[in-house]
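> I'd like to go over a predicted model; first the sequence, then the structure.
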Amino acid sequence: MRLLVVEDERKVASFIKKGLEEEGYAVDLASDGEIGLTLSLDGVHDLIILDINLPKMDGLSILQELRNKKVKTPVLLLTVRAAIEDKVIGLDTGADDYLTKPFAFQELLARVRALLRRRADAESPLLQVADLTLDPATRLVSRGTQEIALTAKEFALLSYFMRNPGRVLTRTMIAEHVWDYDFDPMTNVIDVYVNYLRKKIEAGGEPKLIHTVRGVGYVMKVE
Ligand code: CA
């Protein structure tokens, strides 16, 4: 899951980014409204956390522009306490939820999870490939009856594979969906993580599910 945070206050932005990364999300930052709009329109994010008061272009204008352009990425607005009007306009414009500053990180996280879950539920409640299952709501992964413990990053990577069974995923695609803009494509981090995942989901000698496509990337399929 890759999130975009549009927030000009550096301390708030890095606090959000750090916290979300610890939960396994890839996080991009935009420090003003124009950069925020440009990155939002890329369409690679699963959720946008959007501050309303921003330099160059305010959050409500960005939201308006996104919805006009039919970009349906869920948006969580950050507002200040006094500005009730902003919340009303924001929800009318197509925000999915809002959070009032200052907020506790746990509350932000709960709302992020709820929005992503709502989206996951709309897609499919339970992901399954062969006897491997992943429940986006509970974050429970099992192979047969064996439960598998994954790190946050492994979980994000496996979710991406399981949402795209049978489709060859290039390293670029994987980087775009599971890592952020700072990801260095010259490293072998993706291959390292794929190997961690393989070891865990094939720990009992089960049939291989993640296959290497030489020179291209990986595909999840049943042989
Ligand atoms: Ca601000």
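Nice, I can see it.

> CA-only coordinates of the helix or strand hosting Tyr218 in PDB, if you can.
Using DSSP states H and E, Tyr218 sits in strand 217-220. Backbone C-alpha positions of strand 217-220 (Å, rounded to 0.1, in the frame of the first residue of the first chain) are rendered in PDB as follows:
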ATOM      1  CA  GLY A 217      10.200  -9.700 -12.700                       C
ATOM      2  CA  TYR A 218       7.800 -12.100 -10.900                       C
ATOM      3  CA  VAL A 219       4.400 -13.700 -11.300                       C
ATOM      4  CA  MET A 220       2.200 -15.300  -8.700                       C
END
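
> which residues are contacting it?
By CB atoms under 8 Å, 6 or more residues apart in numbering, the surrounding residues in contact with strand 217-220 are 129, 161-162, 164-171, 173-174, 194, 209-213. In this view, the C-beta of every residue, glycine as well, is placed from N, C-alpha and C.

> repeat that for 6 Å
Outside of strand 217-220, the residues that reach it under the criterion CB atoms under 6 Å, 6 or more residues apart in numbering are 129, 161, 165, 168-171, 194, 209-211, 213.

> Pull out the buried positions in the helix or strand bottoming out on mean pLDDT in the chain.
Of all helical and strand segments in the chain, the minimum by mean pLDDT, DSSP states H and E falls on helix 84-93, at a mean of 81. For helix 84-93, the buried set under the neighbour-count rule, 16 or more other CB atoms under 10 Å, comprises 86-87, 89-90, 93.

> Among those, which one sits closest to Leu50?
Gly90 (8.8 Å; CB to CB).

> what sits against Leu60?
If a contact means CB under 6 Å, 6+ apart, then Leu60 has Ile89 as its contacts.

> anything in the helix or strand encompassing it near the ion?
Using DSSP H and E, Leu60 maps to helix 59-68. No - applying CB under 5 Å from the ion, one finds helix 59-68 out of contact with the ion, separated by at least 8.2 Å.

> gap between that helix and the chain center?
Its chain's C-alpha centre lies 20 Å from the corresponding centre of helix 59-68 when counted by CA atoms, centre = their mean, to the nearest Å.

> Parallel or antiparallel, which strands does the helix or strand following that helix pair with?
Moving toward the C-terminus from helix 59-68, the first helix or strand encountered (DSSP H and E) is strand 75-80. Its sheet considered, strand 75-80 pairs with strand 47-51 (parallel), strand 97-101 (parallel) by DSSP bridges.

> What are the boundaries of the strands in this protein?
Taking DSSP state E as the criterion, the chain contains strands spanning 2-6, 26-30, 47-51, 75-80, 97-101, 127-129, 132-135, 140-143, 146-148, 168-170, 210-213, 217-220.

> for the protein, what's the longest helix?
Scanning the chain for the longest helix, with DSSP state H as the assignment, gives helix 105-123.

> Touching that helix from outside, list them.
Taking CB under 6 Å, 6+ apart as the rule, helix 105-123 contacts 19, 47, 74, 76, 96-97, 99, 136-137.

> ok, Arg2 touching Ala26?
Yes - the pair Arg2 / Ala26 is scored as a contact, 4.3 Å apart, by CB atoms under 6 Å.
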